[in-house]
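# Got a predicted structure plus its sequence, pasted below:
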Amino acid sequence: MSKILFITSECWPLIKTGGLADVSSSLPVALQQLGEDVITLLPAYQGVKQHLKSLEHIATIDNDFFEEEVKLLSGTVSSTGQHLWLLDAPSLFDRDGGPYQDQNKQDWQDNAYRYSILCRVACEIAMGRAVPSWKPDVVHCNDWQTGLVPALLSLEKDSPATIFTIHNIAYQGIYMRHIFDNLKLPDSWWHHETLEFHGNFSFLKGGLIFADRITTVSPSYAEEIKTSDKGCGMDGLLRHKASVLNGILNGVDYSSWDPSIDTYIKYPYSEKTLKNKRKNKQALQKELRLKGDKKLPVIGIVSRFAHQKGIDLVIEQIHRFIQQPVQWAILGSGDQAIEESLEALAKEFPDKVGVKIGYDEGLAHRIEAGADIFLMPSRYEPCGLNQMYSLRYGTVPVVTKTGGLADTVLDADDESGGTGFLVAQPNVDEVEKGLKRALSAYKNKAQWLKLRRRGMAQDFSWQESATAYLHLYEDAMLEKGGQGNAQIIAGDIAIKEGTVRIKKRRIPVVS
Ligand code: ADP
Ligand code: GLC
């Protein structure tokens, strides 16, 4: 059994802005289920303590970098059994607003300081100084907020092996020189071979340069980020690091995302009781005040409204299809201009366009259950979770052929019959073509049923991916000179030249 410290800035159901929160609950729980000793470290944002049972103060961390005493609280998430340690520093994290932004959607001014403290506390834990009875063998960092951890641990003797996972390379934690000085980072790190990045410095680069292994969340994205097109300026570094970079596909937590046991939907269903899906569609039409017509195909969208997600392309599609017999069920928030355009469309065409601006976990599930088609016209997508949820809900995905979308959806033109529709490029004409193909398939009942059944039969559960991470931990620990002792259970994995490469999943054919 290995001791694994998993560090994250969000974790479902405590705090969530996107897929990182889903991964940060389901991967550690899957590793726990494989017999590993996993602690997830998360800042104690406002309201998160109430999700934990048996909350206990286990350490107080006091050193030169903190202006106040920082406490570590240990607890277990009631609904999932996940073991969590909370970094309790109220002036930094117990605030009204989101984890990264205030209520006016402005980044917190002191984000660099807040997450540098998360990194420093993580290092104290990693070195066994915070809780001497628990020193991890491996530290698994996620996204830029944790990027200083591998860098700081490189200054220590006998430090654990480090893994750094890129969930989205576009977010790099870039700050100016005076902040670098305020964080009291070593002067030698102001160098292009370490943290300096085009006249600023980057938290993310700390992770990429110093971690023993780098992963990202799908095999295709692992290739894409090595190109200047998708690497966001880090592609040269990632090409250089190619031998330690792996793509491991995210999994799905089917205890939360399965229509046969989903507590957010009124009419549970499975592949055998697909008739109930229709009832969920009617309930969704009612909830979003759309015209209650069960024949009309409903196109669902649940998304952050960010350039990445191509929501501007969705708005164009709504205009192009507004005279057609289709309806739209849209949930999301983000870019204000997008929010306003969508609300205006819903106002103008209330029978056809249903929009809810904001975050609503229940409605996200009800859109998956009630929609016929799920649209994700992402410009890039490191993995994407909603398309995998859609497959399980028998909601046919129309997605751009990029990153994790390309790795999880098989086009209907494939000889197996496929599971969805791939759009070649994120532009208005191509997305329209993809939607037209899906709408024409929708009209052919037998074809549509087969497509949905093949999708529902896909298995993206975490076990295989969690096993792949265990191989990687083992590999990094061995290289570091430690004792690899993770228990490896079978998976679709090949070890090659000391690194782990994950094969793309095969899609089983269901006729
Ligand atoms: P990303 O992390 O880039 O936003 P993912 O597809 O990996 O994209 O994950 C998004 C997650 O956030 C999914 O679980 C999705 O259901 C959820 N989500 C996104 N927007 C909302 C929203 N407005 N309300 C509820 N859940 C949302
Ligand atoms: C990021 C990516 C998304 C991925 C998620 C979880 O937010 O944008 O594609 O699924 O992280 O890894």
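It's in. On a predicted model such as this, the values are computed, not experimentally measured, just so you know. Ligands and ions are numbered 1, 2, ... in the order given.
# okay, CA-based contacts and neighbour counts for the rest of this
Will do.
# Now do the phi/psi pair for the closest residue to residue 84 other than its chain neighbours.
Nearest residue to residue 84, sequence neighbours excluded (Cα to Cα, 6 or more residues apart in numbering): residue 40, at 4.8 Å. Per-residue torsions, residue 40: phi -100, psi 130 (degrees, to the nearest 10).
# can I assume residue 40 is in contact with residue 8?
Yes. Residue 40 is within contact range of residue 8, at 7.3 Å (criterion: Cα atoms under 8 Å).
# Which neighbours do the two have in common?
residue 24 (Cα atoms under 8 Å, 6 or more residues apart in numbering).
# Looking at the two now, which is surrounded by more residues?
residue 8 (24 against 21; other Cα atoms under 10 Å).
# give the contact list for the more buried one.
Taking Cα under 8 Å, 6+ apart, we find residue 8 in contact with 24, 40, 41, 42, 141, 142, 143, 145, 146.
# which one of those residues is nearest residue 92?
Residue 92 lies nearest to residue 42 out of the contacts of residue 8, by Cα to Cα, at 12.7 Å.
# does the closest one count as helix, strand or coil?
Following DSSP: H, G, I helix; E, B strand; the rest coil, residue 42 is assigned to strand.
# Once you drop chain neighbours, what's closest to residue 255?
Counting by Cα to Cα, 6+ apart, residue 255 lies nearest to residue 261, which is 7.5 Å off, once chain neighbours are set aside.
# gap between that neighbour and residue 81?
Look at residue 261 and residue 81: by Cα to Cα, to the nearest Å, they are 18 Å apart.
# Same check on residue 414?
40 Å.
# For ligand 1, what's its nearest residue on the stretch 201-350 of the chain.
Of all residues in the stretch 201-350 of the chain, the one sitting closest to ligand 1 is residue 332 (3.5 Å; Cα to the nearest ligand atom).
# give the contact list for that residue.
So residue 332 contacts 301, 302, 303, 304, 305, 356, 357, 358, 359 (Cα under 8 Å, 6+ apart).
# which secondary structure element contains the second one?
This means residue 302. Using DSSP states H and E, residue 302 falls within strand 298-305.
# One more: residue 150?
helix 148-153.
# Now do that helix: everything it contacts.
If you take Cα under 8 Å, 6+ apart as the criterion, helix 148-153 is touched by 116, 119-120, 122-123, 141, 159, 162, 164, 203-204, 206-207, 209-211.
# what does stretch 384-399 give?
19, 250, 252, 257-259, 271, 302, 368-369, 371-378, 404-406, 408-409, 419-423, 434-435, 438, 451-453, 455-458, 460.
# overlap between these and the residues near ligand 2?
Contacts with ligand 2 within these, as defined by Cα under 6 Å from any ligand atom: residue 19.
# Tell me, please, the helix or strand in this protein that averages the lowest pLDDT.
Using mean pLDDT, DSSP states H and E, strand 493-496 stands out as the lowest-scoring helix or strand of the chain, at a mean of 37.
# before we move on, back to that, between residue 414 and residue 81, which one's more packed in?
More crowded of residue 414 and residue 81, by other Cα under 10 Å: residue 81, with 14 against 10.
# which ones are touching that one?
Taking Cα under 8 Å, 6+ apart as the criterion, residue 81 is in contact with residue 29.
# Now do the contacts for residue 418.
Counting by Cα under 8 Å, 6+ apart, residue 418 touches 409, 410, 411, 412, 451, 454.
# Let's see that with 6 Å instead.
410, 411, 412 (Cα atoms under 6 Å, 6 or more residues apart in numbering).
# Kindly report the same for residue 425.
Applying Cα under 6 Å, 6+ apart, no residues contact residue 425.
# quick one: secondary structure of it?
Three-state assignment for residue 425 (three-state DSSP): coil.
# quick one: it and residue 399, what's the gap?
Applying Cα to Cα, the value for residue 425 to residue 399 is 10 Å.
# circling back: mind checking which of the contacts of helix 148-153 are in strands?
141, 162, 164 (DSSP state E).
# Can you tell me, leaving aside adjacent residues, what's nearest to the first one?
For residue 141, ignoring the flanking residues on the chain, the nearest one in space by Cα to Cα, 6+ apart is residue 164 at 4.7 Å.
# do you know how far that neighbour is from ligand 2?
The gap separating residue 164 from ligand 2 is 12 Å, by Cα to the nearest ligand atom, to the nearest Å.
# Do I have it right that that residue meets residue 144?
No. Between residue 164 and residue 144 there is no contact under Cα atoms under 6 Å: 9.3 Å.
# Helices of the stretch 401-511 of the chain, residue ranges please.
With DSSP state H, counting those that start in this stretch as the criterion, the stretch 401-511 of the chain has helices at 403-408, 428-443, 445-456, 462-480.
# one step back: name all residues that make contact with the residue nearest to residue 84.
Counted by Cα under 6 Å, 6+ apart, residue 40 has contacts 5, 6, 7, 84.
# which residues sit against stretch 433-449?
In contact with stretch 433-449 (Cα under 6 Å, 6+ apart) are residues residue 423.
# Also stretch 303-320?
The contact list for stretch 303-320 (Cα under 6 Å, 6+ apart) reads 332, 333, 334, 335, 377, 378, 379, 380, 428.
# Closest one to residue 195 out of those residues, please.
For the contacts of stretch 303-320, the nearest to residue 195 is residue 380 (25.3 Å; Cα to Cα).
# If I look at that closest one, what pLDDT would I see?
Model confidence at residue 380, given as pLDDT, is 98.
# Next, count neighbours for it.
22.
# show me the residues around it that make contact.
By Cα under 6 Å, 6+ apart, the contact set of residue 380 is 308, 402.
# So it versus ligand 1, what's the distance?
9 Å.
# if I look at that residue, how far off is residue 314?
Distance of residue 380 to residue 314, given as Cα to Cα: 15 Å.
# what residues does the stretch 1-150 of the chain put near ligand 1?
Counting by Cα under 6 Å from any ligand atom, the stretch 1-150 of the chain sits next to ligand 1 at 18, 19, 20.
# Phi first, then psi, for the first one.
The phi and psi torsions at residue 18 (degrees, to the nearest 10) take the values phi -170, psi -160.
# Just give the nearest non-adjacent residue to it, would you?
Nearest one to residue 18, counting by Cα to Cα, 6+ apart, is residue 304 at 7.7 Å.
# Then the second one?
With Cα to Cα, 6+ apart as the measure, residue 385 is the residue that lies nearest to residue 19, at 6.7 Å, once sequence neighbours are left out.
# Would you mind giving me the confidence score for that neighbour?
Residue 385 carries a pLDDT value of 98.
# ok, and for the longest strand anywhere in the chain, which residues are buried?
Longest strand in the chain by number of residues, with DSSP E as the criterion: strand 52-61. Buried residues in strand 52-61, counted by 16 or more other Cα atoms under 10 Å: 52, 55, 59, 61.
# quick one: low-confidence ranges for this structure?
Within the chain, the segments meeting pLDDT under 70 span 482-511.
# Tell me how it divides into domains.
3-251+464-502, 275-456 (automatic domain parsing).
# before we move on, back to that, mind checking how far the residue nearest to residue 141 is from residue 382?
15 Å.
# and if you look at residue 462?
Plainly put, residue 462 is 17 Å away from residue 382 if you go by Cα to Cα.
# and what of residue 51?
Plainly put, residue 51 is 29 Å away from residue 382 if you go by Cα to Cα.
# These two: who's more crowded?
Taking other Cα under 10 Å, residue 51 and residue 382 do not tie; residue 382 has more neighbours (26 against 15).
# backbone phi and psi for residue 373, please?
Note on residue 373: its backbone torsions stand at phi -130, psi 140 [degrees, to the nearest 10].
# Could you give the number of residues near it?
Per other Cα under 10 Å, the neighbour tally for residue 373 reads 27.
# Cross-check the contact I'm expecting between it and residue 299.
Yes. Here residue 373 reaches residue 299: they are 4.7 Å apart, a contact under Cα under 6 Å.
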